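S.K.: with the sequence up front, the predicted model follows.
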Amino acid sequence: MIGPGVSMEKPNPSNDYQVSHVGLMTGSFKALTGRNLIVPKVGLVESARALYHAPFFVASHDSSTDPVLTYGNLFAQRLFEMSWSEFTSTPSRFTAEEPNREERARLLSEVMTHGFIENYSGVRISARGTRFRIKQATVWNLTGSDGFRVGQAAMFDHWEGI
């Protein structure tokens, strides 16, 4: 399990594309929404590899007081203009500009209460200052095998530059 502020090694064949963390994200998503985050592949490692290379955004953060991003697939890294190490050492609040952080905090609080939300839209900003609006995002709680919430994750495939 990932502790607060601890980043994992970039997903690659030698670490099975972070199959344990991907299992946490996909399992929590399925339990809450009844849907698959990604079409299941022949094996868990192949599913983890497919999610890392998926043509849509998937990211997670931990459950610390100031949550830090713990996973971002290649799509997420490109959209936010960050390397893996930059992405996984960034407090997730920095994905939104200061005026939009209060709205983002309300969203995360609602997810914490209800388990997940769908059809979320909001403005985000990349590390290089590129602004974009995400659309139809699903945000959900990550729950460990012990039943405790260990973070939150988000996915979307609709966005536009602004």
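M.R.: In hand now; what should we look at? Numbering: from 1, shown residues only.
S.K.: return the helix or strand in this protein with minimum mean pLDDT.
M.R.: The least trusted helix or strand in the chain, going by mean pLDDT, DSSP states H and E, turns out to be helix 98-114, with a mean of 79.
S.K.: which residues sit against the helix or strand following it?
M.R.: As assigned by DSSP states H and E, the chain's next helix or strand after helix 98-114 is strand 116-125. Under the contact criterion Cβ atoms under 8 Å, 6 or more residues apart in numbering, strand 116-125 has outside partners 29, 32-33, 80, 95-97, 100, 103-104, 107, 110-111, 131-141, 154, 156, 162. Using the backbone N, CA and C atoms, a C-beta is placed for each residue, glycine as well.
S.K.: selecting buried members of those residues in PyMOL, what would you type?
M.R.: To isolate the buried subset of the contacts of strand 116-125 in PyMOL, counting by 16 or more other Cβ atoms under 10 Å, use the following:
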select buried, resi 29+32+80+95+96+100+104+107+111+132+134+137+138+139+140+141+154+156
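S.K.: of the contacts of strand 116-125, which belong to strands?
M.R.: 131-141, 154, 156 (DSSP state E).
S.K.: low-confidence stretches in the protein?
M.R.: For the chain, applying pLDDT under 70 flags the ranges 1-7.
S.K.: what about residue 37, distance to residue 86?
M.R.: 24 Å (Cβ to Cβ, to the nearest Å).
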